[in-house]
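> quick one, structure for this:
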Amino acid sequence: MKKQLISVCFLLSFLLPYVSIAQRIDVDLFAGISNYQGDLKPAFVSTVGAGTGAAAIVKVGINDNLFVRAGFSFGSVSGSDAQNKASLQFRNLSFTSRIQEFSAGFEYRFFNSDKLAFRPYAFVAAGIFHFDPFTYYGSNSTKVYLQPLGTEGQGLAAYPDKQPYKLTQFCIPYGVGVKWQLNCNLNIGVEFRHTKLFTDYLDDVSTRYADANTLLAGRGPLSVDLAWRGDELNGSPYPVANTVRGNPGEKDWYYFAGLTFGLKLNDCNSGRFSLGGLFNRNKSGAKGMDCPKVW
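Have a look, this model is predicted:
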């Protein structure tokens, strides 16, 4: 984790010199859906069980096409074997997790013409994100966080190769979008962002079942109950130790899709940074409609 934080700090130290009042500065707000791909939801993109997502992003123009961007994102992801493909429903596992992410990187805007009212763009960034998977259990649907339970034997002496997974990790968000200009300062758009992770435990499912007795002795009955929930469906017994529980060869992902609302914090006439630029009148006297050639 220390190396990851150092990497992000290095990236920020590289980006910050570009923040100048002589540069173009945009602020984007994002609202849409968030979802995940993993052992409980293998589909690359799905709207099943989607949560809500939001973000605030600051963008600084290096030139007409290249921008640096940094922002915070929030979302909720979940998965359930009840909505999984039939061959996996017997596990009866489920999870939900809140996502908080900070990332910084580069955005490239295609085309550069005052004759176009839209601009597509692509971006890539580096960041850190925090997650904490939980599920609901029992007749009262008690909320139970899964990481402390070590449901696959993480942290037990019998499984030295399985260590508890970190809840704050490195990530690489990337994606595409399109913006439509409303006037000199305002734009709306759509954006899709896919985030590469380096963990397979976003959903608390990754490798193989630990031995039930070993798990019971080391983590307690709740860990055993939530490692295998197929018995809640038909009373089937806990699987034999080392039976496949997940697919560690495929890391988890999460993604956001939705609408953006953008504000350019520059005066329409001078081009300089101005919080009041949105309300400055152009030479013709109309508010915010003297659109620049570059947006």
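
> strands along the protein, start to end?
All strands of the chain, identified by DSSP state E, fall at 25-37, 51-61, 66-80, 94-109, 118-130, 134-137, 142-145, 168-181, 186-197, 253-264.

> got JSON lines for those, with mean neighbour count and distance to A43 too?
For glycine as for every other residue, the C-beta is placed from the backbone atoms N, C-alpha and C. Compiled in JSON lines, the strands of the chain are given as follows (neighbours: other CB atoms under 10 Å; distance: least, CB to CB, whole Å):
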{"stretch": "strand 25-37", "mean neighbour count": "20", "distance to A43": "7"}
{"stretch": "strand 51-61", "mean neighbour count": "19", "distance to A43": "15"}
{"stretch": "strand 66-80", "mean neighbour count": "21", "distance to A43": "10"}
{"stretch": "strand 94-109", "mean neighbour count": "20", "distance to A43": "16"}
{"stretch": "strand 118-130", "mean neighbour count": "18", "distance to A43": "21"}
{"stretch": "strand 134-137", "mean neighbour count": "17", "distance to A43": "20"}
{"stretch": "strand 142-145", "mean neighbour count": "13", "distance to A43": "26"}
{"stretch": "strand 168-181", "mean neighbour count": "18", "distance to A43": "18"}
{"stretch": "strand 186-197", "mean neighbour count": "18", "distance to A43": "13"}
{"stretch": "strand 253-264", "mean neighbour count": "20", "distance to A43": "11"}
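
> do you know which of those strands lies nearest A212?
Between A212 and those, the shortest gap by CB to CB is with strand 134-137, which sits at 17.1 Å.

> now that closest one, how far from the centre of its chain.
21 Å (CA atoms, centre = their mean, to the nearest Å).

> hey, what's the spatially closest residue to V45 that is not a sequence neighbour bridged with?
Nearest residue to V45, sequence neighbours excluded (CB to CB, 6 or more residues apart in numbering): Y255, at 6.9 Å. Beta bridges link Y255 to N35, H194, judged by DSSP bridges.

> confidence score at C9?
As predicted, C9 sits at a pLDDT of 66.

> start at 695, not 1
Renumbered: residue one is now 695, and that last one reads C703.

> and the strands of the chain as CSV, adding mean pLDDT and distance to T901?
Putting the strands of the chain into CSV (pLDDT from 0 to 100; distance: least, CB to CB, whole Å) gives the following:
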stretch, mean pLDDT, distance to T901
strand 719-731, 96, 18
strand 745-755, 95, 26
strand 760-774, 95, 17
strand 788-803, 96, 16
strand 812-824, 96, 22
strand 828-831, 97, 18
strand 836-839, 97, 20
strand 862-875, 96, 17
strand 880-891, 97, 16
strand 947-958, 96, 18
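
> how about these in a markdown table, adding distance to V918?
Output for the strands of the chain, formatted as a markdown table (distance: least, CB to CB, whole Å):
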| stretch | distance to V918 |
| --- | --- |
| strand 719-731 | 25 |
| strand 745-755 | 29 |
| strand 760-774 | 20 |
| strand 788-803 | 17 |
| strand 812-824 | 27 |
| strand 828-831 | 12 |
| strand 836-839 | 13 |
| strand 862-875 | 27 |
| strand 880-891 | 27 |
| strand 947-958 | 28 |
